[in-house]
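Undergrad: Structure, please.
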Amino acid sequence: MNGSRQDLTCHLVQPGAEFVGKQGLHYAVGISAETVGARHIHMQLATIPPGARAKAHMHAEHETAIYGMSGVSGCWYGERLEHHAVVRAGDFFYIPAGVPHLPYNPSPDVPCVALISRTDPNEQESVTLRPDLDELPDWASVQT
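TA: Numbering: from 1, shown residues only. As a prediction, this is how the structure comes out:
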């Protein structure tokens, strides 16, 4: 798509096949540069299996908006993952560009599913893994 007015059209998209992203979460992409030629937005479903966690990571150049659809997710965030939030079904969660974060699912038997939108239209291009932060959170202090 070259962006001319003649090429503009709407697209109905079904979620793509689930895959595991760089950060270790399960994704089903809906809207992206790859699926519809999006230039400034990306939308996908993310699933965190019971008891699973992502790898610590950040998105240097884009913002992320999350809507909890089912289950519960905890998320460590901040320069040293010093902050913590709990995202439940019906909650919105915003992650600014450049903020390291590490989401996880504290449930032993219920998956967590979220709708994620980003300002980067590419499916995995701007993920920066932060292995230096993977072991920092104080898991014992978490109450969901």
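Undergrad: got the contact list for the residue lying closest to Arg39 once chain neighbours are set aside?
TA: In space, and not counting its chain neighbours, Arg39 is closest to Pro121: 5.8 Å by Cβ to Cβ, 6 or more residues apart in numbering. Glycine gets a C-beta too; all of them are placed from N, C-alpha and C. Residues counted as contacts of Pro121 (Cβ atoms under 8 Å, 6 or more residues apart in numbering) are 32-33, 38-42.
Undergrad: and if we set it to 6 Å?
TA: With contacts defined as Cβ atoms under 6 Å, 6 or more residues apart in numbering, the neighbours of Pro121 are 32-33, 38-39, 41-42.
Undergrad: Throw these into a markdown table and include secondary structure, thanks.
TA: Below are the contacts of Pro121 laid out as a markdown table (DSSP: H, G, I helix; E, B strand; the rest coil):
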| residue | secondary structure |
| --- | --- |
| Ser32 | coil |
| Ala33 | helix |
| Ala38 | coil |
| Arg39 | coil |
| Ile41 | coil |
| His42 | strand |
